[in-house]
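Q: Got a predicted structure plus its sequence, pasted below:
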Amino acid sequence: MCVLERHDSEHFKRMFLGFAACKYGFTFCRPILFVDGTFLKSTHKQLKDFLEDGRVLVFVSDRHDGLLQAVKQIFPSSPHSHCLVHLKENLKKRFGGLDNSKKKYLVNLFNLCAYAPTVREFEKLLNKLKKEGGVKVAAFLDTLDNQHWCHAYFPGKRYGELSSNLVECFNNWIKKERSLTITLLFDKIRLKIMEQMSARRSASMKWKGVICPIMEKKFKGLFNVSKTWAISRSSDDLYEVRCDPSVSVNISSRSCSCGEWQINSFPCAHAFCALKRGGKNLNDYVDHYYSVDAFHNTYSKSINPVPTIWKDVSVGSDANVLLPPLCNKRPPGRPRTERIPSTGVKSRKITCGRCGQVGRHNRARCKESLQH
């Protein structure tokens, strides 16, 4: 799918490009989209047309104003999660005058709030954070809607994902290519994705299990955690796992009173213990998205090569000619290559320790003459 937009003057405005292989593969992936930076409303419309497959998509992003509004308008039924990494950076800005150990403690407490699997545990930790963080931390928490950042209140299914760092990884992956011209940029991204899909397709053909190797490794970890617990059977589907604290597991509803199974769509240690006691096949209780079959299907299609030898193309009228982008006056300094900060993140101005000026140099690079 390719959608090209022009200005009224026939100059290039923007382009949306989606590969059929990626669209097909996404239907076997968890319905989560990690987004970052500024995404315009019209771009989101093309994304909706490209990815709409009847599933409810969950968005994970920072709190950039334009992005929040675009998702709300184009995907009104999609739950929207705020990236925990960005929220913690926002929170740190409120810690004026605190020593580093106190800052680290409060950020960790905020992190525990986000990951708390039950409302009761969340509220307990949140009250503790407000009490120990003081007025500034409480004011920051008041700007957050619980349903957008913590596990306990989130209305959608995000499989335990709380960060949009996957986008940062992609941005770094194409960092060199981003300085290229538009056509070269698209082509280089196509080549990178084409090679990656081929490599993952080949690698997964060697897998012999039912679920992906990384999930098999998690099962081994659950065994080590739960091997000393006692378990009692209530019925074919209900079990009580006696640990600290004790919990109840319902196999038929794939739920545990600890909340972890519901959040991750992967059995928690308590559920693992109950499934083993009930003689169940563990693989049958893992979400299909974690299976080898789903991984195979995700990368089963190929992106076709694009040769540079073309048939002769007849040039039509001037009305079909696309003009290059409108070039505004380039701002001074090196072009921006890093991400656009989210709401609440402020850039730190450099102050030279030698001359006292605020700008782009420090003491080591200062060339100002000093008056004595």
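A: Looks like it came in fine.
Q: sec struct for Leu4, please.
A: For Leu4, the secondary-structure state derived from DSSP: H, G, I helix; E, B strand; the rest coil is strand.
Q: Once you drop chain neighbours, what's closest to it?
A: Closest residue in space to Leu4, ignoring its immediate chain neighbours: Met15 at 4.9 Å, by C-beta to C-beta, 6 or more residues apart in numbering. Placement of C-beta: from N, CA and C, glycine included.
Q: Give me the neighbour count for the one you found.
A: Taking other C-beta atoms under 10 Å as the neighbour definition, Met15 ends up with a count of 15.
Q: Within the sheet, what are the partner strands of the helix or strand hosting it, with directions?
A: In this assignment (DSSP states H and E), Met15 forms part of strand 12-17. If you go by DSSP bridges, strand 12-17 pairs up with strand 2-6 (antiparallel).
Q: who touches the helix or strand hosting Lys130?
A: Lys130 is part of helix 119-142, with elements assigned from DSSP H and E. Contacts made with helix 119-142 from outside it, assessed by C-beta atoms under 8 Å, 6 or more residues apart in numbering, are listed as 90-91, 94-96, 105-106, 109-110, 112-113, 116, 146, 150-153.
Q: Among those residues, which ones are in strands?
A: Taking DSSP state E, every one of the contacts of helix 119-142 sits outside strands.
Q: Counting only helices, which of these make the cut?
A: In this view, these that belong to helices under DSSP state H are 90-91, 105-106, 109-110, 112-113.
Q: Which member of those is positioned nearest Cys2?
A: Minimum distance to Cys2 across the ones in helices among the contacts of helix 119-142 is 37.0 Å, recorded for Asn90 (C-beta to C-beta).
Q: count of residues packed around the closest one?
A: Residues lying near Asn90 (other C-beta under 10 Å) number 21.
Q: on that earlier part again, select from the ones in helices among the contacts of helix 119-142 the one having the most neighbours.
A: Using other C-beta under 10 Å as the contact criterion, the top neighbour count among the ones in helices among the contacts of helix 119-142 goes to Cys113, which has 25 neighbours.
Q: what pLDDT, on average, does the helix or strand just after the strand holding Met15 get?
A: For strand 12-17, the following helix or strand on the C-terminal side (DSSP H and E) is helix 20-26. Throughout helix 20-26, pLDDT has a mean value of 94.
Q: Against Ser257, how distant is Lys13?
A: The span separating Lys13 from Ser257 equals 53 Å under the rule C-beta to C-beta, to the nearest Å.
Q: Compare those two (neighbour count), which wins?
A: When Lys13 and Ser257 are compared for neighbours, Ser257 comes out ahead with 18 against 15, by other C-beta under 10 Å.
Q: Which stretches in the stretch 201-350 of the chain count as helices?
A: Counting by DSSP state H, counting those that start in this stretch, the segments of the stretch 201-350 of the chain that form helices are 213-226, 260-264, 269-277, 292-298.
Q: Just give me how far the helix holding Lys130 sits from the chain centre.
A: Its chain's C-alpha centre and that of helix 119-142 lie 25 Å apart, by C-alpha atoms, centre = their mean, to the nearest Å.
Q: Give me the number of neighbouring residues for the closest residue to Lys301 other than its chain neighbours.
A: Sequence neighbours aside, Ala21 is the residue nearest to Lys301 in space, at 3.7 Å (criterion: C-beta to C-beta, 6+ apart). Around Ala21 sit 18 other residues, with neighbours defined as other C-beta under 10 Å.
Q: And Lys227, by the same measure?
A: Other residues near Lys227 number 10, with proximity taken as other C-beta under 10 Å.
Q: Kindly report the same for the one 4 residues further on.
A: Around Ile231 there are 18 other residues, counting by other C-beta under 10 Å.
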